[in-house]
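Engineer: have a look; sequence and predicted model below, questions after that.
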Amino acid sequence: MFRYKGGRKVGKGTYWNISNGSRIDIADEGTLPGDANTTYTRFPPGIVLLAGPAIGLLYVIAMPFIALGTIAALIGKKLVTGLAGLLGNLVSFGWRPSEANLTGKKKGKKKTPK
C-alpha cells in the first residue's frame with residue numbers, strides 16, 4: 001500500500017481517494033488532482049485480487065448476524081411504538097385541542113304542539 005499526495009507526479013496505476021471515494025486511473029504518467037492535503041492510496045493489483053475473496057468471505061460470515069440484528073431492531077421498534085401508543089391511550093383525558101366546539105352542545109329539536 002502506498003500513499004501519495006495530490007499534485008504529485010505519479011506513474012501508471014489506479015489511485016483511490018479514500019476520504020471521498022473517488023478513483024483516478026493514470027494510463028502512463030500523470031499528476032494527481034488536488035492539493036497537498038488530498039491523500040491518494042495505490043494498491044498493487046495482486047493485493048486487490050487476494051483481498052476480493054477475503055472480503056467476500058467476511059461478508060458471507062457476517063450476513064446472518066446482520067440479518068438477526070435487523071430483525072431484532074424492527075421487533076424492538078414495533079414493541080416500543082405499540083407500548084407508547086397503549087400508554088398514550090391510557091393516560092389520555094379526552095381533551096382534543098384540534099376541536100373547537102364553539103357552537104355549544106347540540107340540542108334536540110323541540111316538538112311544537114299541534
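Structural biologist: Noted; the coordinates are in hand. All figures in this text were calculated on a predicted structure; none of them were measured in a lab. Residues are numbered from 1 along each chain as shown.

Engineer: mean confidence score for the strand or helix carrying residue 50?
Structural biologist: According to DSSP states H and E, residue 50 maps onto helix 45-91. In this model, helix 45-91 has an average pLDDT of 93.

Engineer: and the spatially closest residue to residue 8 that is not a sequence neighbour, what does it touch?
Structural biologist: Using CB to CB, 6 or more residues apart in numbering and skipping residues adjacent in sequence, the residue nearest residue 8 is residue 32, 5.6 Å away. Where C-beta positions appear, they are placed from N, C-alpha and C, glycine not excepted. Residues touching residue 32, when contacts are defined by CB atoms under 8 Å, 6 or more residues apart in numbering, comprise 4, 5, 6, 7, 8, 10, 15, 24, 26, 38, 40.

Engineer: let's see it at 6 Å
Structural biologist: When contacts are counted by CB atoms under 6 Å, 6 or more residues apart in numbering, residue 32 touches 4, 6, 8, 10, 40.

Engineer: measure it to residue 100 for me?
Structural biologist: Using CB to CB, to the nearest Å, residue 32 is found at 67 Å from residue 100.

Engineer: residue 68 now?
Structural biologist: To residue 100, residue 68 is 50 Å away according to CB to CB.

Engineer: tell me which of the two has more neighbours.
Structural biologist: For the pair residue 68 and residue 100, the greater number of neighbours falls to residue 68 (10 against 7), based on other CB atoms under 10 Å.

Engineer: contacting residues around the spatially most central residue of the chain?
Structural biologist: The residue lying closest to the centre of the chain (CA atoms, centre = their mean) is residue 70, at 13.1 Å. Applying CB under 6 Å, 6+ apart, one finds that residue 70 lies in contact with no residue.
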